[in-house]
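Asker: When you get a sec, could you give me coordinates for this:
(one chain, ligands or ions: 3)
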Amino acid sequence: MSEMSEMSEVITLHEHLRELDEELATLISRICELSILIRRELPHRLGKAGTVNISGEQQTKIDVWANDVFIDGLLSTGLIHQLASEESEDIVEYEEGTGAFNITLDPLDGSSNIESNNLFGVICGIYDASTPLPARGRKLKAALTILYGPLTTMMYTAKRGVHEFVKGRKHNLEDVYYLVNEHLQIPSPGKVYGVPSNREMWLPEFRHFIALLEREHYGLRYGGSFIGDTNQVLHKGGFFAYPAYLDRPHGKLRLQFECNPMSLIVEEAGGKSSVGMGSVLDVEPTSLHQRVPLYIGNVELIDQMETLFAKCRDARLYY
Ligand code: AHG
Ligand code: MN
Ligand code: MN
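Answerer: Ligands and ions are numbered 1, 2, ... in the order given. Below you'll find the predicted structure:
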């Protein structure tokens, strides 16, 4: 992250968004305002909600509350036609809405990390209202993430590069996101790799590829949140996967709410995404909450992995 410039020189998110179409800029600004409200409320909404989402996962109180905050806060802008959330079974169609956008939300990615005060955040994909959800990632107009860590950072792409902001202050204005990385590019060669556990259930070709990375001394970085682990790869270069498993060929991460937006950001930052063979963004969706295997990182690593997979395997579900 570049040196924090003098307050007077900082470019705020509001100023940077002027490059975009006004309605898209308004929507992104609104998401960022809501993200600040959620961070502030977080200490007062800890613990489990006692409910389970459509993916069969325990919801935390903040999962449920953040979901409601985003739904209410975004529908009231009049800019939303369809809203789909990882925490809601069905698409919320805003009936009167002639809204210009359809939006996908993981209101809190890595929410199981909250009780241990580890990284987590918000993942959002924005489509034109003429692109019905679930949608192919290639159709995304923009994608943005808010990462709650020691710093609160925000990253967005509107398909003209990836830009990163940190939440701070400007003069007497509190809670301002200002630019720290414009046209962020994934460093190459990379240094880190992140993979989940249960190695004995990995596909043999994936085990083989990870062994190659370990022989090349990539440092293991796995924090248990997709948004945090991908952010490390974007800043240090390398590889992250939530792969296909022998007992879970679709992996764990959701195409609409996690994989499409993050893959757009990684590809716009000069990296590459894959479901084992081919970009995540080219997967034709079959259902709203479908999961896909997810591999992201430096182009040369994804190419190396796909070549290895092709050599080791006949065509299968994903490659
Ligand atoms: P969410 O909290 O939105 O359900 O996402 C959690 C996901 C993802 O953020 C992370 O990469 C993965 O779960 C971690 O899974 P494991 O606990 O199996 O490692
Ligand atoms: Mn998630
Ligand atoms: Mn989530």
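Asker: Would you map the helices across the stretch 1-150 of the chain?
Answerer: 13-16, 22-41, 61-75 (DSSP state H, counting those that start in this stretch).
Asker: quick check: angle from the last one to helix 22-41?
Answerer: When you say that, I think you mean helix 61-75. 150 degrees (axes from the mean of the first three to the mean of the last three CA atoms, to 10 degrees).
Asker: Contacts for helix 61-75 next, please.
Answerer: If you take CB atoms under 8 Å, 6 or more residues apart in numbering as the criterion, helix 61-75 is touched by 27, 30-31, 33-34, 37-38, 41-42, 45-49, 51, 53, 80, 83, 85, 87-88, 92, 94, 97, 103, 105, 107-108, 111, 114, 122. C-beta here means a position set from N, CA and C on the backbone, and glycine is covered the same way.
Asker: export the helices of the stretch 1-150 of the chain to TSV and tack on mean pLDDT?
Answerer: Supplementary listing: those in TSV, determined by pLDDT from 0 to 100:
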stretch	mean pLDDT
helix 13-16	96
helix 22-41	96
helix 61-75	93
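Asker: Go through those helices and pick out the most buried.
Answerer: Mean neighbours per residue, mean count of other CB atoms under 10 Å, is largest over those for helix 61-75, with a mean of 19.
Asker: Could I get the CA-only coordinates of that one as PDB?
Answerer: C-alpha atoms of helix 61-75 as PDB (Å, rounded to 0.1, in the frame of the first residue of the first chain):
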ATOM      1  CA  LYS A  61     -26.500 -12.000  14.200                       C
ATOM      2  CA  ILE A  62     -24.400  -9.600  12.100                       C
ATOM      3  CA  ASP A  63     -24.900 -11.800   8.900                       C
ATOM      4  CA  VAL A  64     -28.700 -11.300   9.300                       C
ATOM      5  CA  TRP A  65     -28.600  -7.600  10.400                       C
ATOM      6  CA  ALA A  66     -26.000  -6.600   7.700                       C
ATOM      7  CA  ASN A  67     -28.200  -8.300   5.100                       C
ATOM      8  CA  ASP A  68     -31.200  -6.300   6.200                       C
ATOM      9  CA  VAL A  69     -29.200  -3.000   6.300                       C
ATOM     10  CA  PHE A  70     -28.000  -3.500   2.700                       C
ATOM     11  CA  ILE A  71     -31.500  -4.600   1.400                       C
ATOM     12  CA  ASP A  72     -33.200  -1.600   3.000                       C
ATOM     13  CA  GLY A  73     -30.300   0.800   2.400                       C
ATOM     14  CA  LEU A  74     -30.000  -0.100  -1.300                       C
ATOM     15  CA  LEU A  75     -33.600  -0.500  -2.300                       C
END
